[in-house]
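Chemist: Sequence first, then the predicted structure:
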Amino acid sequence: MSGFHFLTTDNPAQFKNERFLKCIRSHAMLSVRQKEQRQQSEAPSRRQSAGRAQVLRQAQAPSSELVANGNPPAPKRRRKRPAVSQPDDDDDDANKKANADDAKADDTITAADADVALEKLRRRLAKPRGRARTSRGSSIFKDPQRKLGRGVDPLGSFPDFENPRVSIWELKQRFDPYLMTEVLQTRYFPAMDGCKQAWLSTAHVKSTYADILDGLVGESQRTRQIKEEVFRCVHQDFAADPGRAASDGLFITSTLLLAAELVLGDESTIKVYENGLERIVEARGGSLAALGAEGVIASAGCSVTHLAAAVREGQPPPVFRAFQYQENQDNQNNQVQPATPTPTPQRMPESPLCCRPGAQAFMSLRAHCAPETLALLADMRALTDLFLTAAPNDTIASAAAWAAHHRARQAHMSPDSPAPRTHHLLHAACQHAAVLYSFAIAARVPFSTAGRRLGRADGSADPPTHPSVAILAALQKLDLLELAAGPLIGVLLWITLVATTAARDPSYAARQLEDAPAPTATATASAAAAAAAAVASPVSTASTLSTASFPSPQLSSASPSSSDASPGSTTYAASPGAHTTSPPPTFFPGSAVSPPTFHASPSASSSTTTHTSPFLTHPSPSNSTANQSANHFQPPPQNPAHAQNRHANALPTATTTLRASAAAAAGLPAESPAERYRRALSRKGLAMVALLCCVRLISFDGPASLEAQRRFAGVQEMLRGAERAREWSAKAKARGNANANGGMGEGNASGRMGFESVVEGFGFGFEGVW
């Protein structure tokens with residue numbers, strides 16, 4: 001209330017005097033009564049004011065005595081003010097001016113005033129993001145020792161996007177439980193201190209993950225806005241300090257952007273980021289040991305670049321291929337101290353790519369999967385060793401590879417098996433991956449080619465199910481976070497690597513084959529001998545390297561609507577010209593559940609149809625109880641803008657003609673829009689699961705995971721080299737036949753000379769092809 005003022009005194013002990021306090025209370029009551037009387041009568045009463053002053057003079061003064069007008073003595077440096085409010089307006093103005101002077105003279109701030117000021121600051125920081133908030137957050141972020149005070153939210157002071165529609169905190173709260181590990185929190189992210197673009201680029205991976213859940217094959221508007229702002233921050237940083245072009249922050253930023261791009265699948269952009277990372281390392285002396293965070297930055301960059309090379313069926317830059325984990329730092333030999341302990345039998349992520357030798361192989365997995373799954377994994381492990389160590393033109397090894405492929409097609413689990421349902425689902429995913437893996441090795445074709453030739457994993461579905469779609473359908477009903485945190489993470493990485501490359505866009509594979517250099521004569525002869533061995537394979541004497549005659553094993557259960565289908569039987573949907581074999585196991589043993597169907601547009605989906613997304617459970621009417629027991633988060637509501645652009649985003653017209661021509665050249669039917677959408681979305685989801693495994697393996701066992709990725713890259717390189725040798729051999733043969741049509745003996749001679757000149761004119765030394 002404006003009629004009350006504070007009393008000041010030189011001796012605070014006077015406020016403890018009961019008589020003095022009683023006088024103050026009486027003074028307060030008189031002021032209230034005076035105000036009531038003044039409201040009744042507008043004329044001021046000077047007599048009543050003098051009476052109040054007389055009462056105040058009779059009381060004990062705070063210092064020596066009260067002055068005659070009732071005002072207590074004030075310090076000499078301060079202006080005197082009346083102890084009570086006078087009815088005159090002039091007195092009120094004087095009191096206000098005196099209070100203002102006292103506030104300026106008083107240097108102390110009470111705790112209540114400080115709390116009010118801090119609360120106002122906290123509210124300003126919590127307002128919608130803008131340029132002012134970004135600049136203020138940047139200054140605080142660059143000085144982590146700055147004291148923020150009480151009541152301030154420290155998270156709201158870190159950098160955020162200038163676009164108010166993008167919130168880095170919403171993405172962090174939603175996806176950090178899936179993409180964050182203890183090693184990243186303690187070593188990787190502290191290295192971002194002072195680098196705004198590195199901090200903001202973490203949202204790129206999370207936004208890409210959100211696009212998968214929204215059913216988008218390409219990028220959403222939010223993802224594009226995030227990339228644009230990160231690029232703008234990088235350019236501004238370069239303009240301010242060109243010396244930061246080789247900083248740890250830029251390396252982290254490029255690594256995170258590469259991680260998001262490998263999920264999106266644009267291979268030209270992936271190569272740009274790989275070359276950029278290589279240039280950063282070269283600017284740091286050509287050694288990954290120069291990077292900070294105790295080797296975590298180097299190991300994360302190595303893992304992401306190897307994964308990016310795997311999804312495009314290529315090789316990472318040489319500087320990352322030369323990276324090795326060692327106990328001590330050695331800058332000269334490009335060796336850094338490992339971020340995790342050396343490989344031990346308890347921590348090794350066992351898989352068909354990397355496991356313990358002898359009878360101890362897959363010992364850590366025996367309590368987590370069925371015996372049939374262990375036997376299948378051991379068979380694929382032996383096939384990997386055989387392929388990487390066999391000599392060229394080894395027909396025995398080729399026959400063994402076809403035998404392993406035949407066993408993988410028949411390695412089913414009985415529907416009556418007492419194993420848990422998770423073991424059945426894991427075995428189904430492993431069997432699909434094993435069929436793709438063994439077929440690619442036996443036929444010596446890249447995994448993307450194997451995926452196209454075995455592109456009918458469920459012929460009863462409409463459209464037919466691609467093997468990668470079937471693999472993701474099995475994985476998404478499992479708790480992938482639990483798998484990624486346990487000993488099965490190596491198996492999960494192997495499955496996703498095979499399935500992701502099998503779902504690769506055919507247009508990229510066609511361009512890669514056209515741009516590849518010509519092989520040498522040795523590689524061409526090895527490919528010819530391998531083709532002869534494939535013809536004599538134990539699976540079928542009619543099997544050749546031609547597309548139309550390859551068997552197409554389908555490992556998915558028949559549709560419940562089929563009249564002759566049963567939960568314990570599976571049909572094969574053979575490719576044109578392919579023969580059928582004995583039925584393999586059901587997709588979901590013990591139930592009549594078919595894999596979820598996918599459509600090119602949301603409007604075509606039914607009530608039981610869902611889109612592909614990792615870490616999601618899709619309950620089915622026949623087995624809803626088992627699905628409800630798994631702890632998964634549910635998909636977010638569909639964005640109408642995303643749903644409207646989904647079909648156009650999934651079907652880029654720039655490569656449609658190239659896909660059709662590549663399929664026609666291989667003798668395969670062209671993909672329908674629905675098939676292409678399902679395959680592309682499944683590839684994106686599987687790549688995200690593979691990225692999750694790589695992130696977890698950095699803290700699980702970095703050296704062993706890097707060795708597994710390199711062995712997979714070695715298998716890919718040998719398969720790709722064999723395909724290049726066959727392609728160039730066919731081109732040379734066609735050129736020789738064309739020359740032979742021009743004449744009799746001279747044409748044949750010129751054809752042979754043309755073939756020899758083509759083979760010897762290129763220096764593509766390829767070793768190790770069967």
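Modeler: Arrived safely. Numbers count the residues shown, from 1 in each chain.

Chemist: helices or strands up against whichever strand or helix holds residue 433?
Modeler: Residue 433 belongs to helix 421-443 when elements are defined using DSSP states H and E. Applying 3 or more Cβ pairs under 8 Å, 6 or more residues apart in numbering; DSSP states H and E, one finds that helix 421-443 contacts helix 371-389, helix 395-410, helix 447-453, helix 467-475, helix 489-502, helix 673-740. Yep, even glycine has a C-beta here, placed from its N, CA and C like the rest.

Chemist: I'd like those written out as TSV, with distance to residue 279 and mean pLDDT added.
Modeler: Shown next, in TSV, are these (distance: least, Cβ to Cβ, whole Å; pLDDT from 0 to 100):
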stretch	distance to residue 279	mean pLDDT
helix 371-389	31	87
helix 395-410	40	86
helix 447-453	28	84
helix 467-475	33	86
helix 489-502	27	88
helix 673-740	21	78
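
Chemist: Residue 214: which of the ones you listed is closest?
Modeler: Nearest to residue 214, of all those, is helix 673-740, at 10.5 Å by Cβ to Cβ.

Chemist: okay, the angle between that closest one and helix 421-443?
Modeler: If you take axes from the mean of the first three to the mean of the last three Cα atoms, to 10 degrees, helix 673-740 sits at 10 degrees to helix 421-443.

Chemist: Determine the angle, from 0 to 180 degrees, between helix 673-740 and helix 489-502.
Modeler: Between helix 673-740 and helix 489-502, the angle comes out at 60 degrees (the same axes, to 10 degrees).

Chemist: could you check the angle helix 467-475 makes with helix 673-740?
Modeler: 150 degrees.

Chemist: Output the helix holding residue 433 as CSV, nothing but the C-alphas.
Modeler: Extracted in CSV, the C-alpha atoms of helix 421-443 (Å, rounded to 0.1, in the frame of the first residue of the first chain):
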residue,chain,number,x,y,z
ARG,A,421,9.0,-66.3,-29.3
THR,A,422,12.0,-64.0,-29.5
HIS,A,423,14.2,-66.9,-30.4
HIS,A,424,11.9,-67.7,-33.3
LEU,A,425,11.9,-64.1,-34.6
LEU,A,426,15.7,-63.9,-34.2
HIS,A,427,16.1,-67.1,-36.1
ALA,A,428,13.8,-65.9,-38.9
ALA,A,429,15.9,-62.7,-39.3
CYS,A,430,19.2,-64.7,-39.3
GLN,A,431,17.9,-67.2,-41.8
HIS,A,432,16.9,-64.5,-44.3
ALA,A,433,20.3,-62.8,-43.9
ALA,A,434,22.1,-66.2,-44.2
VAL,A,435,20.2,-67.0,-47.5
LEU,A,436,21.3,-63.6,-48.9
TYR,A,437,24.8,-63.9,-47.6
SER,A,438,25.4,-67.4,-48.8
PHE,A,439,23.8,-66.8,-52.2
ALA,A,440,26.0,-63.7,-52.8
ILE,A,441,29.2,-65.7,-51.9
ALA,A,442,28.3,-68.8,-53.9
ALA,A,443,27.3,-66.9,-57.0
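
Chemist: Show the average pLDDT along it.
Modeler: In this model, helix 421-443 carries a mean pLDDT of 88.

Chemist: tilt between that helix and helix 395-410?
Modeler: 150 degrees.

Chemist: Okay, residue 425 and residue 272: tell me how far apart.
Modeler: Using Cβ to Cβ, to the nearest Å, one gets 38 Å for the distance from residue 425 to residue 272.

Chemist: Comparing these two, which shows the higher neighbour count?
Modeler: Neighbour count, other Cβ atoms under 10 Å: between residue 425 and residue 272, residue 425 has more, with 20 against 15.

Chemist: How about the more buried one: what's its closest non-neighbour residue?
Modeler: Nearest non-adjacent residue to residue 425, counting by Cβ to Cβ, 6 or more residues apart in numbering: residue 474, 5.0 Å away.

Chemist: That neighbour contacts residue 428, correct?
Modeler: Yes - contact criterion Cβ atoms under 8 Å: residue 474 and residue 428 qualify, at 4.5 Å.

Chemist: How is the protein divided into domains?
Modeler: Structural domains assigned to the chain are 12-108, 161-336, 358-596+610-632+675-697+715-760, following automatic domain parsing.

Chemist: quick one: which of those domains has the weakest pLDDT on average?
Modeler: Mean pLDDT is lowest for domain 12-108 among these, at a mean of 57.

Chemist: Same drill for residue 474 and residue 428, tell me which one is more crowded.
Modeler: In this view residue 474 and residue 428 are compared by other Cβ under 10 Å, and residue 428 has more residues nearby, 28 against 24.

Chemist: What are the neighbouring residues in contact with the residue nearest to residue 387 when sequence neighbours are not counted?
Modeler: With Cβ to Cβ, 6+ apart as the criterion, residue 387 has its nearest non-adjacent residue at 5.1 Å, and that residue is residue 441. With contact taken as Cβ atoms under 8 Å, 6 or more residues apart in numbering, residue 441 is in contact with 383, 387, 401, 404, 405, 715, 719.

Chemist: Any chance of these in a markdown table with neighbour count and distance to residue 262 as columns?
Modeler: Converted to a markdown table, those look like this (neighbours: other Cβ atoms under 10 Å; distance: Cβ to Cβ, whole Å):
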| residue | neighbour count | distance to residue 262 |
| --- | --- | --- |
| 383 | 25 | 26 |
| 387 | 25 | 25 |
| 401 | 27 | 29 |
| 404 | 24 | 29 |
| 405 | 26 | 28 |
| 715 | 23 | 19 |
| 719 | 24 | 20 |
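
Chemist: quick one: which of the helices and strands packed on helix 421-443 is nearest residue 22?
Modeler: helix 673-740 (71.6 Å).

Chemist: what's the angle between that closest one and helix 371-389?
Modeler: Inter-element angle recorded for helix 673-740 and helix 371-389: 30 degrees (by the same axes, to 10 degrees).

Chemist: And the nearest residue in space to residue 484 that is not next to it in sequence, how far from residue 300?
Modeler: Nearest residue to residue 484, sequence neighbours excluded (Cβ to Cβ, 6+ apart): residue 696, at 4.8 Å. Remark: distance between residue 696 and residue 300 (Cβ to Cβ) = 12 Å.
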